[in-house]
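1. got a predicted model here, sequence first, then my questions.
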Amino acid sequence: MRSLLIVVLIYVVFLSCTEKQISYTYPQIENEIKEESHFDITYFNHFSNLERFKEKKILNWFKDQDSITEKYFSNKDFDVLYKHYDSLENRDSDLARKVQRGESDQTFYLWKDISLERKILYIRNDVTNEIKILYDPISYKDGQYEIEYYKPSYDGRYVAMAMGKPENFFNDILIFDCVSKKIINEPILNTKPKKAGGIKWSPDSKGILYIAFPNKDNDRNSYTAMLKVGENTPKPIFKDGMNGISIFEEDYPVPVVRSKESNYIFIYKGNASDFWDSYYISREDFDKGLYDWKQFYSAKDSIYHDWGTEKDYKYYFKRVKNNNIELCLVDMKFPDFQSPKILFSGKAESQLSSFEVIKNNIYYTVTTNGIETSLYEHVEDGEDKKIDLPISCGKLSFDYRSPYKDDLWVNISGWTSNPKEYYLKDNGEFEFVRLAMWPDYPEFQNIVSEVVEVESHDGIKVPMSIVRRKDHELNSNSMGIITAYGAYGMSETPWFHSPIADFVNQGNIYVSAHVRGGGEKGPSWHQAGFKSTKENSWKDLIACSEYLIEKGYVHSKKLGLNVNSAGGIAGGMAVNERPDLFGVFTGFVPKLNPIRIEALDEYDDSDNIFEYGTVKEEQSYKNLLKMDPVVNLSKENKYPSTLLIIGFRDYLIPPSGPGKYVASLQSFNPDNGKPYLLDVKFDAEHETDWLNDYAKMLYFTMNELERKN
């Protein structure tokens, strides 16, 4: 297969070299320029009409753009490459996905029936190993729905399922009786548990808690609702104005219940910040229907929003103290968040990442530069024990049944290997788990990863992961793809993707620049690429790109840039400042026009305001002006070939931003022979298709980088 692919690529190269004078006839649209002014500072909102993207004329422009893009990929070369990636991604393996291990010794999972092209819900009795089909979504309504999310009850009797299909933003929640094999409630409408809050079962398995959305057209003013088994009318239990509770319209009140033995019920006021307010009531009050919620802690306590764990009246949580992340606990009966017991504290580049509390142990992970992960067992009144992992680890996640059971699974992944799951036995040994096993790729065994530190514009060292072949030679003519995110304190942890590995196996490199704004070096790393310091994100990316060329990892004209979502700001601004560095710019649902999100009524701007700022504050407005890629586009630049892939129903990033970006590039350089393409998925939301989108990105990148300059 590799030889076939090389032949295909050679053919692509030949076509590219002979088609330098290709011209593109782009759809025309008026450039309605509006002058926007705040604090006597003005900018020009080019192609402002694209913000009315639901109007027929504007919608047709997006459709025309998509048609041009589809023509670019309508050829045999792309078809062959796509089939190759498809064969890699769908290599024979156990197709169990979204595995959930119940507290009553049952395992639930979705299994995709390839012949039927849909996922069916299964259950396995972990004592007898008996496997049964629970529910096939073909039986619901018109047969076009799929199970987007599900949650089994603690006793294993019921499963709550969120049913959805591409054209519907909201889900329907059904409660399925595993004994009678029947749906026992009317569908609960206007929910979206996969997006926010999930579904939680009451400890007695007699009801579900979830986030309800009162408006059909948006997800504002949500509240926590409860539906009891056997009833059809949900009841609000945590809502703005109820029992003195105050919730902003952009908040999501997230319910959390961990076990049938939980002593408390928690609700967190979710938003875009790292720290949330928390409320709670006792199990006894909850069972009596007394929803007199009390505040547990506030966002000012700097406790991370990944929701603590209560067990035996003790509450375990992560907090930030002196720019380090600590694992702490308090006594639920007398909680003191000013002086909690500290079980572990991160330091410098090595920070607490995650933790899990089970019946007789506490485990936690520590990451270095957000890239290398180690596993520890907490030892009371002694030195914590580092646990040797069965394979090298870039990223580790936990799965368990309950804080009151001793079962623990760890999922390990990295740049060069697919995720593998192991069961941690009592004796400290790991047992490989074959359920939901991802395929192996022995053909990629020559691929390795390395971490280098690159000096940025201000002397700060930025970690950068480079995935390459062991025999990769510097000063080569190879291609490279660099990516960066740098937002919300999120680390770009190692992950494996077979099309990317295949790209690297051809002698190229794939690089992740761990720029400021992420969480790779702890909370201070986030703050160093946040609001007024956002400039560091794209300048770090520029420095890393320059390093790759200077050190000979890639040819000077063969570096592509790929970004995703909020990474669009760092990527777009890097291209604006140094378009000469990149031969190709590609983006998946990229944020490219953050200054305009506040102006669009249908979009929740809370995460944008938290991370980047608001036009309502002068300094914040200046920050947005400086970091907005669309506002900072320039006719004087020679922009690289560009492909942006967007979801037209994206609820976080409006299509107008990428639309303006592409429209501007097309108007700047209508005859230069470089494609500026917009791939519009009209039924998609804020998501990336790991096969289709990556196949297009890789084909576009390879094809354009091989084009003669």
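-> Received, thanks.
2. show me where the stretch 51-200 of the chain dips below the pLDDT cut-off.
-> Applying pLDDT under 70 to the stretch 51-200 of the chain flags residues 93-94, 114-116.
3. just the helices in this protein please.
-> In the chain, the helices defined using DSSP state H lie at 2-18, 56-72, 76-89, 283-288, 498-505, 523-527, 535-550, 567-577, 606-611, 618-627, 656-668, 692-705.
4. and the ones you listed: which comes nearest Ser402?
-> Ser402 lies closest, by C-beta to C-beta, to one member of these: helix 283-288, at 14.8 Å. Any C-beta I mention is one placed from the backbone N, CA and C, and that applies to glycine too.
5. quick check: buried residues in that closest one?
-> Using 16 or more other C-beta atoms under 10 Å as the test for burial, helix 283-288 gives Arg283, Asp285, Phe286.
6. repeat for stretch 60-76
-> Residues Trp61, Phe62, Asp64, Gln65, Asp66, Ile68, Thr69, Tyr72, Phe73 are the ones in stretch 60-76 that count as buried (16+ other C-beta under 10 Å).
7. cool, stretch 651-662 as well?
-> Tyr651, Leu652, Ile653, Pro654, Pro655, Ser656, Gly657, Pro658, Gly659, Lys660, Tyr661, Val662.
8. how long is that stretch from one end to the other?
-> 20 Å (C-alpha to C-alpha, to the nearest Å).
9. for it, the distance to its chain's centre please.
-> Here the centre of stretch 651-662 is set off from its chain's centre by 18 Å, with C-alpha atoms, centre = their mean, to the nearest Å.
10. how about the strands in the stretch 401-550 of the chain?
-> 408-414, 417-424, 430-433, 447-455, 461-469, 480-484, 509-513 (DSSP state E, counting those that start in this stretch).
11. of all these, which one is nearest Val320?
-> strand 461-469 (20.4 Å).
12. would JSON lines of the buried residues of helix 283-288 with distance to Asp136 and pLDDT be doable?
-> Formatted as JSON lines, those follow (distance: C-beta to C-beta, whole Å; pLDDT from 0 to 100):
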{"residue": "Arg283", "distance to Asp136": "36", "pLDDT": "97"}
{"residue": "Asp285", "distance to Asp136": "40", "pLDDT": "97"}
{"residue": "Phe286", "distance to Asp136": "34", "pLDDT": "97"}
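13. of those, which is the nearest to Asn637?
-> For the buried residues of helix 283-288, the nearest to Asn637 is Phe286 (59.3 Å; C-beta to C-beta).
14. close enough to count as contact, Met702 and Gly480?
-> No - the criterion here is C-beta atoms under 8 Å, and Met702 misses it with Gly480 at 11.2 Å.
15. run a quick neighbour tally on Phe444.
-> When counting by other C-beta atoms under 10 Å, one arrives at 19 neighbours for Phe444.
16. I'd say it and Gly414 touch.
-> No - using C-beta under 8 Å, Phe444 is not in contact with Gly414; the gap is 11.9 Å.
17. show me what contacts Gly519?
-> Neighbouring residues of Gly519 by C-beta atoms under 8 Å, 6 or more residues apart in numbering: Gln351, Gly370, Gly489, Met490, Ser491, Trp525, His526.
18. oh, I was asking about Asp66
-> Contacts for Asp66 (C-beta under 8 Å, 6+ apart) come out as Leu678, Asp679, Val680, Phe682.
19. do the same with Tyr280
-> Tyr280 neighbours (C-beta under 8 Å, 6+ apart): Tyr264, Ile265, Phe266, Ile267, Trp293, Lys294, Phe296.
20. excluding sequence neighbours, find me the nearest residue to the fifth one.
-> Setting aside the residues directly before and after it, Trp293 is nearest to Tyr279 in space (C-beta to C-beta, 6 or more residues apart in numbering), at 4.2 Å.
21. gap between the one you found and Lys235?
-> 17 Å (C-beta to C-beta, to the nearest Å).
22. who's more crowded, those two?
-> With neighbours defined as other C-beta under 10 Å, Tyr279 and Lys235 compare such that Tyr279 has more, 21 against 14.
23. state the distance from that one to Ala528.
-> With distances taken as C-beta to C-beta, Tyr279 is found 32 Å from Ala528.
24. Ser620 now?
-> Taken as C-beta to C-beta, the span from Ser620 to Ala528 is 17 Å.
25. now Phe398
-> 29 Å.
26. got the confidence number for the residue lying closest to Gly394 once chain neighbours are set aside?
-> Distance criterion C-beta to C-beta, 6+ apart; nearest residue to Gly394, sequence neighbours excluded, is Pro494 at 2.7 Å. Looking at Pro494, its pLDDT reads 91.
27. can you pull out the low-pLDDT segments for the protein?
-> Ranges of the chain meeting pLDDT under 70: 1-22, 93-94, 114-116, 671-672, 708-709.
28. okay if I get the buried residues of stretch 60-76 as a markdown table plus distance to Lys551?
-> Listed next are these as a markdown table, based on distance: C-beta to C-beta, whole Å:
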| residue | distance to Lys551 |
| --- | --- |
| Trp61 | 43 |
| Phe62 | 41 |
| Asp64 | 43 |
| Gln65 | 38 |
| Asp66 | 39 |
| Ile68 | 37 |
| Thr69 | 34 |
| Tyr72 | 33 |
| Phe73 | 33 |
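29. picking up where we left off before, with neighbour numbers in mind, choose between Met702 and Gly480.
-> Legend: neighbour count by other C-beta under 10 Å for Met702 and Gly480, higher for Gly480 (26 against 23).
30. got a list of what the more buried one touches?
-> Asn508, Ile509, Tyr510, Val511, Leu548, Tyr553, Val554, Lys558, Leu559, Gly560.
31. now do Gly197
-> Contacts for Gly197 (C-beta under 8 Å, 6+ apart) come out as Tyr210, Ile211, Thr224, Tyr252, Pro253, Val254, Pro255, Gly270.
32. what does Val467 give?
-> So Val467 contacts Trp415, Thr416, Ile447, Val448, Ser449, Ile500, Ala501, Val504, Ile509, Tyr510, Val511 (C-beta under 8 Å, 6+ apart).
33. buried subset of those residues as a PyMOL selection?
-> Buried residues within the contacts of Val467, by 16+ other C-beta under 10 Å, are selected in PyMOL with:
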select buried, resi 415+416+447+449+500+501+504+509+510+511
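34. looking at the strands of the stretch 401-550 of the chain, spot the one closest to Lys132.
-> strand 430-433 (19.9 Å).
35. against which helices or strands is that closest one packed?
-> Packing partners of strand 430-433 (3 or more C-beta pairs under 8 Å, 6 or more residues apart in numbering; DSSP states H and E): strand 417-424.
36. now distance to Asp79 too, for the strands of the stretch 401-550 of the chain, in CSV please.
-> As requested, these are exported to CSV (distance: least, C-beta to C-beta, whole Å):
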stretch, distance to Asp79
strand 408-414, 30
strand 417-424, 25
strand 430-433, 36
strand 447-455, 26
strand 461-469, 27
strand 480-484, 22
strand 509-513, 23
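37. hang on, the earlier thing: from the contacts of Gly480, which is closest to Asp388?
-> Distances from Asp388 to the contacts of Gly480, taken by C-beta to C-beta, are shortest for Tyr510, at 28.3 Å.
38. and for that closest one, nearest residue in space, chain neighbours not counted?
-> Closest residue to Tyr510 apart from its sequence neighbours, by C-beta to C-beta, 6+ apart: Val467 at 4.5 Å.
39. the residue lying closest to Tyr694 once chain neighbours are set aside and Asn90, how far apart?
-> Spatial nearest neighbour of Tyr694, excluding adjacent residues (C-beta to C-beta, 6+ apart): Pro499 at 5.0 Å. Pro499 sits 12 Å away from Asn90, going by C-beta to C-beta.
40. more crowded one of these two?
-> Pro499 (21 against 14).
41. so who does Ser74 touch?
-> When contacts are counted by C-beta under 8 Å, 6+ apart, Ser74 touches no other residue.
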